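J.: I would like to see how this sequence folds:
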Amino acid sequence: MRIGRQLRRAAGLLRSTRGAVVVEFALIAPALLAMLFGVLQLGLGMQNYNALRSISADVARHAVVNYQTANKLSTSQLQAYARTVASAPPYGLQADRLIATVDLAPTQRVTGAREFTVRLQYDVPSFLGVIGINSIPIDYSRPIFVIP
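T.: Numbering: from 1, shown residues only. Here you go, the predicted structure:
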């Protein structure tokens, strides 16, 4: 009699679906969280890439305006300006993660114009360190043409 009762109880446990949702969620939750954080990281990376594009445009505008007023800036002055603009609002990039270089192009593509190349490198902070991604490097460069 006692064995029959235990068999009926075991059969009832096998048919029970209580707790199945919790088990299924525990299996799927890591994948859902990874996708959510991946989308957020992608958005942060795109925002930082667009910030680099805008910063390089600001540096180009600054160089052109200064050359038009006969204030010939050096490459180090343009680099310092790029770092200042990058860390200030609206961009707010972390200065220790940014490398700004401005070089005079070795060959001039436009006759009568001076060509600089602005290169900005930034390590996007990551909140995916749990899966081994600590930072994501992005790089943007553009030429600047000024009339000396």
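
J.: rest of the way, CA atoms for contacts and neighbours
T.: OK.

J.: ok, the residue most central in space within the chain - contacts?
T.: The residue lying closest to the centre of the chain (CA atoms, centre = their mean) is residue 45, at 2.5 Å. Counting by CA atoms under 8 Å, 6 or more residues apart in numbering, residue 45 touches 124, 136.

J.: please tell me how far residue 85 sits from residue 133.
T.: To residue 133, residue 85 is 27 Å away according to CA to CA, to the nearest Å.

J.: those two - which one has more neighbours?
T.: A side-by-side neighbour count of residue 85 and residue 133, using other CA atoms under 10 Å, places residue 85 first with 19 against 11.

J.: setting the sequence-adjacent residues aside, check what's closest to the more buried one.
T.: residue 55 (6.7 Å; CA to CA, 6 or more residues apart in numbering).

J.: got the phi/psi numbers for the one you found?
T.: According to degrees, to the nearest 10, the main-chain angles of residue 55 amount to phi -60, psi -40.

J.: give the contact list for it.
T.: 82, 85-86.
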